[in-house]
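Fold the following and give me the result.
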Amino acid sequence: MARRGIRRTPELEEAVRREAAARRADAAAKGAFAYARSLRVREVDQLAGGGTAAARLLGLDTSTVSHIHRKLAAPGRDQQPPSGRFLGPRGAEHYELYEHADGAVHASAVPRLAGLASSAPEHTEDAEDTVRRAVLEWSERLVPVLVARAAEDLPHHRVETTGLWAHRDRPWQWATPERLLVPAAEDSRYGVLECVTLPEPLGAAWGTPAAPELPEDIRARALWTADTLGAGFALVVALGAGWDYRAVHVEHDPAQAAALREAVTAAKPLASVSGGAHDAAPAGEPERGKE
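Predicted coordinates for the structure are as follows:
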């Protein structure tokens, strides 16, 4: 019997189910990815409120709950990309850091602000919600498959779950890579991994399997993410219709990254965010409240 004060909501049960599935999938995807990938901040907060009783109710042992909180609190100690500052787990921009989001530019908003056409397929207004939900669900479920495939070609990197990052000197520049590529050899560099899934075969903008290319909006997003963390490159892996695969290496180019930042900031003047202590920002750049 559940103790009083513990809310066994459908959302929490679904979160725990996703967490267990993600743990199994991420273990198969060759990396230190356990436990926290699919749990959102608010859902884990519900676990925190119930403590041991909530863990028992949901079939989780106390050590698992503790591990979830540790994974959500900070990345691995070896996740130290050159210019990145860790802000929180995936989804933090929508939850505990939401009040700061208006003063930041996340990688997902970069193509629109830079005036680049979206390469995502258009859905008609009368498309059934069930179809849209199915596309979203299977896009998420296929990410570990793409991670596993990418890891096969990355012998000199560890492919690790990560979260939301800001640039250390430009705190308004945000990105959430799908995975962080941590160097495992002396001559390796940090990289970021981005995954794209589409319900239909990849179009002409993706090139061919022998000569893969990237749509401009996907390239801009990958470049912004690499630039945010100071990574040497981004690897974009894409799967269309469950069989059409591409893997494209995007080298970090400082000149291209600077031009992209200029285009984005011209479209969205970045105002200072009020409230709390502030990080120092270079002259002419805004300050953003610490998380």
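
Where in this protein is the helix or strand with the lowest mean pLDDT?
Lowest by mean pLDDT, DSSP states H and E among the helices and strands of the chain is helix 41-57, with a mean of 52.

Helices along this structure, start to end?
10-28, 41-57, 62-73, 110-113, 129-141, 143-152, 216-229, 254-267 (DSSP state H).

averaging pLDDT over each of those helices, which comes out lowest?
The weakest mean pLDDT among these belongs to helix 41-57, with a mean of 52.

Could I get the contacting residues of residue 234?
Residue 234 sits next to 177, 191-194, 222-223, 225-226, 249-250, 252 when contact means Cβ atoms under 8 Å, 6 or more residues apart in numbering. All C-beta atoms are positioned from the backbone trio N, CA, C, and that covers glycine.

Nearest spatial neighbour of it, chain-adjacent residues omitted?
Residue nearest to residue 234 in three dimensions, not counting chain neighbours: residue 222, with 3.8 Å by Cβ to Cβ, 6 or more residues apart in numbering.

For the one you found, give its distance to residue 195.
11 Å (Cβ to Cβ, to the nearest Å).

More neighbours: which of those two?
A direct count of neighbours by other Cβ atoms under 10 Å for residue 222 and residue 195 places residue 222 higher, at 28 against 22.

so the more buried one touches residue 236, yeah?
Yes: using Cβ atoms under 8 Å, residue 222 is in contact with residue 236, at 5.2 Å.

Please enumerate the shared neighbours of those two.
194, 214, 250.

gap between the second one and residue 134?
The one in question is residue 214. Applying Cβ to Cβ to residue 214 and residue 134 gives a distance of 26 Å.

same check, this time on the first one
Separation of residue 194 from residue 134 (Cβ to Cβ): 22 Å.

And these two? Which one has more around it.
It is residue 194, of residue 194 and residue 134, that has more neighbours when counted by other Cβ under 10 Å, with 25 against 12.

is it true that the more buried one touches residue 226?
No: Residue 194 lies out of contact with residue 226 (Cβ under 8 Å); the separation is 9.3 Å.

neighbours of residue 89, just the number please.
Residue 89 has 25 neighbours, counted by other Cβ under 10 Å.
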